[in-house]
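[1] sharing a model that was predicted from the sequence below.
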Number of protein chains: 2
Amino acid sequence: MWTFDAFPSARVEQSLGVKVDQKWLDRVQAASVRLTSGCSASLVSPDGLVLTNQHCVVDCAQNLSSGSADYVKDSFLARTRAEERTCPGVQAEILQTITDVSADVAKATNGLSGGDFIKARNAAYARLETAACGTDTTVRCQVISFYRGGQHKLYRYRKYSDVRLVFAPELSAAFFGGDPDNFNFPRYALDVGFLRLYEDGKAVRTPQHLTWKARAPLPGEATFVSGNPGSTDRLLTVSQLETQRDLVIPVSQLQRSEMRGRLIEFSRRDAESRRIATDSLFGLENGFKVFFGRQFALNTPSLMDAKRADEADLRARVAADPALAARIGDPWSEIAAIQKVYGDQYLRFRQLEAASGGSSDLFNFAQILVRGARERTLPSAERLPEFADARLPLLTKQLLDSTPIDAPLEQLELEFWLLKTREYLTADDPVTKLLLGRESPEALSAALVSGSKLGDPAVRKALWEGGQAAIEASDDPMIRYALRIDSEARAARKSWETQVSAPTEAAAARIATARFAVYGDKVYPDATFSLRLSYGKVAGWTWRGTEVPSTTQLAGLYERATGAEPFRVADRWLAARDRMKLDTVFNFVTTNDIIGGNSGSPVISAKGEVLGAAFDGNIHSLGGNYGYDGTLNRTVVVSTAGATEALRHVYGADALVRELGVR
Amino acid sequence: MWTFDAFPSARVEQSLGVKVDQKWLDRVQAASVRLTSGCSASLVSPDGLVLTNQHCVVDCAQNLSSGSADYVKDSFLARTRAEERTCPGVQAEILQTITDVSADVAKATNGLSGGDFIKARNAAYARLETAACGTDTTVRCQVISFYRGGQHKLYRYRKYSDVRLVFAPELSAAFFGGDPDNFNFPRYALDVGFLRLYEDGKAVRTPQHLTWKARAPLPGEATFVSGNPGSTDRLLTVSQLETQRDLVIPVSQLQRSEMRGRLIEFSRRDAESRRIATDSLFGLENGFKVFFGRQFALNTPSLMDAKRADEADLRARVAADPALAARIGDPWSEIAAIQKVYGDQYLRFRQLEAASGGSSDLFNFAQILVRGARERTLPSAERLPEFADARLPLLTKQLLDSTPIDAPLEQLELEFWLLKTREYLTADDPVTKLLLGRESPEALSAALVSGSKLGDPAVRKALWEGGQAAIEASDDPMIRYALRIDSEARAARKSWETQVSAPTEAAAARIATARFAVYGDKVYPDATFSLRLSYGKVAGWTWRGTEVPSTTQLAGLYERATGAEPFRVADRWLAARDRMKLDTVFNFVTTNDIIGGNSGSPVISAKGEVLGAAFDGNIHSLGGNYGYDGTLNRTVVVSTAGATEALRHVYGADALVRELGVR
C-alpha cells in the first residue's frame, strides 16, 4: 500500500525482477479512479469508460431500480450511450498532485492540546484545502493524515460529478456463492461493473487509460494493484488493539448480527421487501465477515504476541537513545491511559453521535440540514470539518441528488438504533431518556419516518438553501428530532474529541516520529482511502497441508451450481454454456496487499495491461487489517479473460467488448 | 452456593449473627424443589403447592396455550383444583440424601485416560445410580461431579412426574420492563408462578413446606437462598477462560444475536407468529444478556488479572511442597495445551454434534429415537450416558409427553443451524457437505419439517417402543436425516471426549486435589444444577457514586409505565391501582450469591419464612459466573408482600392467598 510519491521501485525490481519507472507510475496514477461510494476503479477506454466491481455499482443499480425494473437481480446493460444512466450521489476522482503540508499543520497546532488542538488542526486543513483548490469546481482538494498524524499531505483530484452506469451483471453472477463464498477461494464470480465519466453531458475523453488485456495471468507473474485501501489498524498500539478486540468489534458485530437476522426475515415478507433489502443485507453480511475475521485475528495469540514484541522493540530502541527518548516521551503509556476514558465514554458516544440514526438516510439528511444551517453561518475554518468550504460541494451533491427512500428500511434502522441504545445504556440513562422521552423505539421510529418529507430532494433543497431560518420554521418531525438531540450529541462529540481523539493523535504522532527515527520509511502508512500502489504476484497458497491453486476456470462455475441460491446461475448463463471456452481463467489470486476500499482496483501487469479487477481477499486477508502475511494473505481477482468471455457470450455486450479493444 | 452436607453454619453466625441448625437445614432441604425445566422452587403449603417464577412456568403456559387461549399473554389462574393442568415434560424433584461415591469412581477409573477414562466413568455412574435407586419409580438417583471431577456424590431425589400449573401472571406483569429491565434494578416485576405436585391424580401432602410470610424484608436482614444454581466457571484455569472469551462466547453470542433479529421480525408476521415466538425470544434475549455480561467481565482486565494472580498463587504453593508437586504435576500446562485442540475441533464439534439441529424439537426427537434404539440394545453401563437405565425415565417422559410443535419455528431453527454451519466451515467442508448434500439450508429444513410426523406423540411412542427395527423401517424424513448424519456426529463427539474432555477432566481433578491440599474446603464447588444454600442479606449497592436502594414499591410500577411495550401494564393492573397499598415492597435485592438455575428459589429468613422468590441478578451479577463480588453482585427478588397484594387485588386469587396462610 505504497503512496505514489514514495514507491520503492528498486525493491520491486529486486523481489520481482520487473522495472516500473516514473512514466509507468504516472500513467497508472492518471488512469486510477477513486469512487466516492468507497471503491476504486480504472479508466479502460479513451472515452471515459471505467472498470470497477459490480459490488461497487450495486448501490447505483439499486437506486435506479424500482418495483418494475430490478437491475440488481436482473443486470443492467446500456447498449448505447443514451441508455447510460447517472448514478445518484457518486463522484469519480483522479489524483493529480500530492503536496506535503506537514510543516503547515505542525505550525498551526504547535503547543496545543485537547479541543484546541482539534480546532486548530481542522482550521488548518480547511485553509489549506481552500487555498489549493480555490473556487475551481472541477477539482477537489483534501488534506490527508498519514502515519496516524505523523504526516499531512494535500491530495488534489480532478473530479467528475456525472458518473453513469454502463454495465452491471445480475447479482447471482457477480456474487455467485453469496455470503458462504465471500472471502473464500476457489471462487467463480463475475464481480465487474462498468461506469462512464461525463462532463457537460458528454463522455469525457481519457487518453491516459490503461489497456484491457483479455488474457490469463501467468503463474508467478508480477501484478500491481492501484487503488484506495480504506483503512488499516497496523500502527495501533497494543492497548488500542485490545480496545478494538474487547469493546469496539464485539459491540459492532453483535449489532450487525442482529440486524442481519432482522433483514433476512424482513426480506421474506414479499418480493418488494426482498428487493429493497438486498443491498443493505449484502453490505451488512460483508461487513460482518470482515470483522469476524478481524476479531478472530485479534484473538489469535500469535498476532498479539507479535504486536507486543514489535512495540517492545521500538520502545527499547527509543529508550536506548536518550535524545530521542527525551523528544518522544512515553506515548504508549499515554495511549494506554486514554483507553480507560475510551471505554467509559464509548457506548454513549457511539449511540448518541458516532452511529446515531443507524443507517437511516432521512435521519442523516436531517442531521446534515440542521448542523449545516448553523455551521454555514461561521467562517469555514471554524466549522465542524465536514462543513468546511472545500467539503461542501460533495456533501451538497450527496444531500441533494435524488435517491429512493425505502420507508420500511428507514423505520427498521431507526427502531434498531433506539432499541440498542436503550439496551446498552438502560432505560434509566439520560441519553435513552433524551432519545426516547416516554415513547417506544417502535412508535417513535414509525412516526418520524411516516411524517418526514425529507425523502423529497426539493424539500431538502429548500431547507438547505433556506439556512437557519428555514430549519427553525420547519415542522418536519425528523428535523425537529435532529434539533432536539443536537446539542447533547455535539457535546458527546466534543467530549470524545477532546478527551480521546486529540490526546491519542498527539501521542500517535510522537510514535510515528519515533518510528521514522528508528526504522526510516520502510513501512507504509496505514490505509486512508487515498491512492496506493501494491506489488505482488500471481500465486496460490497452502493451508493446513492443502494447496489452493491460483486460478479457477469458467467450467468450475457450472460444476458448483446447485440450482439453489446462492449457488444458482441465471438462465442466460446456462444457455451460454456451450458457446464459452470453459477452460478460460475466471478468477485468480495474487499476493498483493489490499483491503476494503481497494474493491474495483485494476490488477496490472508489469507492461501496464489490465489483467483483472480486484474484488475480494481470501479469509486470511481479513487479519490484514493488523498486518500483512505474505504466505497466506491473497487478493481475489476477476480475470479480464473470463470477463470478456462472459460479456461476449452471456450478455452479447459486443459494443462494450469492442470499446475494450478486444477483437 | 454451599452444598447441604457442608454448610458453614459457624461462618454464618459470625458474619450475620444468626444461627441455622441441622433441623433448620433439614427442613429447608425437604421443602426445596428442583424443576427439570431448569429452575428452582419451594413447597409453600401442606397440599403440594410450589412457588417458583413465572419465567419458570412460561414454557408450560406456552405449551398449554393455543391460538384461542394465550396464557402467556393473558395469565393463567386455576380457581379450583380441577382447573389445574399438567405441564408437559416437567418433573419436580426433592433431594433426600447425599452420598459420597468419590472412592467408587476413582477405583473404576484408576490409571485410565482418554476414551477409556470417559467410558469407565460413565459406566461407574450408571452402575451407582442403578444400584441406589433400583426399580423404584418414585425416586431418581444422579451422580454429580463436584470441583470439576475432584469429588463425585450420589444425589437421591423423591420425584414427582405430574406437575400442574396453578397460576402464572401475564407476561407484561411478570416481565414488566422486558429485556431492557432484565438484569437491571430498580425493578417492578411480578415474576412468580405456582405449581402443584400430584401423584395418582391427587395433590401430594407436603407437611414439610415452608411458611409464606407476606411482610417486607428488613434492611440488612439475613437471607438464605435454597436452590439449584446451574453452572459456574469459577474454577476454570486462565487458559480455559481465554478459550471462553475468545472463541466459545463470541460464536454463541453472534448466533444468538442473529437469531434474535430473525425471531423479532418473524414475530411481526401476524398474531399467531408472535404468540409462538414469544417464549423462544425471551429465552434467547435472556441468554444473550447473560453472555453479554460474561463477555464483558472476561474483557475486564481486573478480572483476568485476579484470575492470573490466583492461579499463580496456587501453582507457587504446590511448587513449594515437593511431595504435593510430585503428586499434582503440571495440570495447568496440560490444560493450556489442550486449548489448541479445543480450538481446532470446536466449530465442527459444535455444529455437527453439540448444537446440532439448533433448538428444533423434531430433530431432537429424531436423534433420541435413533440413538436410543441402538443404545438400548447395549448393557446400561456401556451406553452413551444419557441412555443409561437411571436416566431413561425422565428422557422417556420428555420424549413422549405431548407438546405443541410450531412448524415455522422448527424450520427456522434447522435452517439457521445449517446456514451457520456452511458459513463457519465453508461450503467445501466435508461436514457441510454431509449436512447439506446439494440442497440449500432453506429447502432442506422445509422438507424435513413438513415431511416429519414426529410431532405426533403416538408416532414417537411407536418408534421408541419399536426399537432398532422400527427406526430402520421408518421413512420419516427426520429419522432418515438423523440416521444419515449419526455416525459422523458420534465420531465428532468421541474425538472431542477423547482429546478434549477426558484429558481436561483428568487435569482438573488434580487441580482440585491441589486446591484441597492448599486451601482446604473453604471454597464451594462450581455450580452443577444441584441443591445449594447461599447466605446473604438485604442490601442495595453503590455504582459510580450512585446509591441503589434495596427495595422498590408497587407505586413505582405505575410511575414507570408508559403504555408501550415492554412498559405497558395490563388493564386489570390499572383497574386495581386504587385497591392496593402502593407503598408495599414489590421487588428487593440481597447479597446472596446465585446464578441461572436458581430462578424460583425461595428467599428465606433466619426463622425459615419465605420472604420472596429470587428471579434475577443485577447486571454486576453476570460476571458472577467467574467469581462473586459482594460489593456489587445482587440477587433480585419478588417480595411475598408485593405478590400477596397483587394476588388479592389484581387477580382476586382468594383461594390461593388463603392456601398461603395469609389472613
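    Noted; the coordinates are in hand.

[2] chain neighbours aside, what residue packs nearest to the residue of the stretch 551-663 of chain A found nearest chain B?
    Per Cβ to the nearest Cβ, residue A:564 is where the stretch 551-663 of chain A lies closest to chain B, at 3.5 Å. To be clear about C-beta, it is placed using only N, CA and C from the backbone, and glycine gets the same treatment. Computed as Cβ to Cβ, 6 or more residues apart in numbering or on different chains, the closest residue to residue A:564 that is not its neighbour in sequence is residue B:440, at 3.5 Å.

[3] quick one: contacts for the one you found?
    A:562, A:564-565, A:567 (Cβ atoms under 8 Å, 6 or more residues apart in numbering or on different chains).

[4] quick one, phi psi at residue A:152?
    phi -130, psi 130 (degrees, to the nearest 10).

[5] what residues does the stretch 301-450 of chain A put near chain B?
    Applying Cβ under 8 Å from any Cβ of the partner chain, we find that the stretch 301-450 of chain A lies next to chain B at A:422-423, A:426-428, A:438-440, A:442-443.

[6] roughly how far is stretch A:516-536 from the heart of the chain?
    Counting by Cα atoms, centre = their mean, to the nearest Å, stretch A:516-536 is centred 18 Å from the centre of its parent chain.

[7] start to end distance for that stretch?
    End-to-end distance for stretch A:516-536, by Cα to Cα, to the nearest Å: 25 Å.

[8] for it, buried residues please.
    A:517-518, A:524-536 (16 or more other Cβ atoms under 10 Å in any protein chain shown).

[9] which one (most neighbours) among the contacts of residue B:440?
    Neighbour tally across the contacts of residue B:440 (other Cβ atoms under 10 Å in any protein chain shown): the maximum, 20 neighbours, falls on residue A:567.

[10] quick revisit: so which of the residues of the stretch 301-450 of chain A next to chain B is the closest to chain B?
    residue A:440 (3.5 Å).

[11] from residue A:432, how far off is that closest one?
    According to Cβ to Cβ, to the nearest Å, residue A:440 and residue A:432 sit 12 Å apart.

[12] repeat that for residue A:141.
    41 Å.

[13] one more: residue A:415?
    Taking Cβ to Cβ, one finds residue A:415 at 14 Å from residue A:432.

[14] spell out which parts of the stretch 501-650 of chain A neighbour chain B.
    Counting by Cβ under 8 Å from any Cβ, the stretch 501-650 of chain A sits next to chain B at A:562, A:564-565, A:567.

[15] give me that answer again for 7 Å
    A:562, A:564-565 (Cβ under 7 Å from any Cβ of the partner chain).

[16] for chain B, what is the nearest residue in the stretch 201-350 of chain A?
    residue A:261 (2.6 Å).

[17] check the offset of the helix or strand hosting residue A:587 from the chain's centre.
    Following DSSP states H and E, the helix or strand that holds residue A:587 is strand A:585-590. Taking Cα atoms, centre = their mean, the mean C-alpha location of strand A:585-590 is offset from the chain mean by 23 Å.

[18] which strands and helices sit next to the helix or strand following it?
    As assigned by DSSP H and E, the chain's next helix or strand after strand A:585-590 is strand A:602-604. For strand A:602-604, the packing partners by 3 or more Cβ pairs under 7 Å, 6 or more residues apart in numbering or on different chains; DSSP states H and E come out as strand A:222-227, strand A:609-617.

[19] could you save those strands as TSV and add columns showing distance to residue A:152 and mean pLDDT?
    Formatted as TSV, the helices and strands packed on strand A:602-604 follow (distance: least, Cβ to Cβ, whole Å; pLDDT from 0 to 100):
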stretch	distance to residue A:152	mean pLDDT
strand A:222-227	22	98
strand A:609-617	28	97
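
[20] in CSV: those strands, plus distance to residue A:661 and mean neighbour count.
    Formatted as CSV, the helices and strands packed on strand A:602-604 follow (distance: least, Cβ to Cβ, whole Å; neighbours: other Cβ atoms under 10 Å in any protein chain shown):
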stretch, distance to residue A:661, mean neighbour count
strand A:222-227, 19, 27
strand A:609-617, 10, 26
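
[21] tabulate those strands in CSV, adding columns for distance to residue A:180.
    Shown next, in CSV, are the helices and strands packed on strand A:602-604 (distance: least, Cβ to Cβ, whole Å):
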stretch, distance to residue A:180
strand A:222-227, 25
strand A:609-617, 13
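
[22] right, and those strands - which one's nearest residue A:339?
    Ranking the helices and strands packed on strand A:602-604 by proximity to residue A:339 (Cβ to Cβ) places strand A:609-617 first, at 28.8 Å.

[23] and that closest one, what does it pack against?
    So strand A:609-617, by 3+ Cβ pairs under 7 Å, 6+ apart, packs with strand A:49-52, strand A:211-212, strand A:222-227, strand A:602-604, strand A:635-639, helix A:640-649.

[24] tell me how far the closest residue to residue A:21 other than its chain neighbours lies from residue A:153.
    With sequence-adjacent residues excluded and distances taken as Cβ to Cβ, 6+ apart, residue A:21 is closest to residue A:9, at 7.1 Å. Residue A:9 is 20 Å from residue A:153, where distance means Cβ to Cβ.

[25] need the residues that contact stretch A:146-162.
    A:86, A:91-102, A:105, A:128, A:132-133, A:138-145, A:197-199, A:204, A:235, A:397, A:505, A:508-509, A:512-513, A:525-526, A:528, A:530 (Cβ atoms under 7 Å, 6 or more residues apart in numbering or on different chains).

[26] all strands for the stretch 151-300 of chain A, in order.
    A:151-160, A:162-168, A:193-199, A:202-203, A:211-212, A:222-227 (DSSP state E, counting those that start in this stretch).

[27] between strand A:635-639 and the last one, find me the angle.
    Using axes from the mean of the first three to the mean of the last three Cα atoms, to 10 degrees, the inter-axis angle of strand A:222-227 relative to strand A:635-639 is 100 degrees.

[28] okay, angle between strand A:222-227 and strand A:585-590 too, please.
    Using the same axes, to 10 degrees: strand A:222-227 against strand A:585-590 is 90 degrees.

[29] just give me how far strand A:222-227 sits from the chain centre.
    With Cα atoms, centre = their mean, you get 18 Å for strand A:222-227.

[30] which secondary structure elements does it contact?
    Using 3+ Cβ pairs under 7 Å, 6+ apart, strand A:222-227 sits against strand A:532-537, strand A:602-604, strand A:609-617.

[31] give me the sheet partners of the longest one and which way each runs.
    The partner list of strand A:609-617 in its sheet, established with DSSP bridges, is strand A:211-212 (parallel), strand A:602-604 (antiparallel), strand A:635-639 (antiparallel).

[32] skip the chain neighbours and tell me the closest residue to residue A:618.
    Using Cβ to Cβ, 6+ apart, the closest residue to residue A:618 is residue A:634 (4.2 Å).

[33] so who does the one you found touch?
    A:185, A:541, A:589-591, A:617-618, A:621.

[34] let's see 10 Å
    Neighbour list for residue A:634: A:185, A:536, A:539-541, A:548, A:550, A:588-594, A:616-621, A:624 [criterion: Cβ atoms under 10 Å, 6 or more residues apart in numbering or on different chains].
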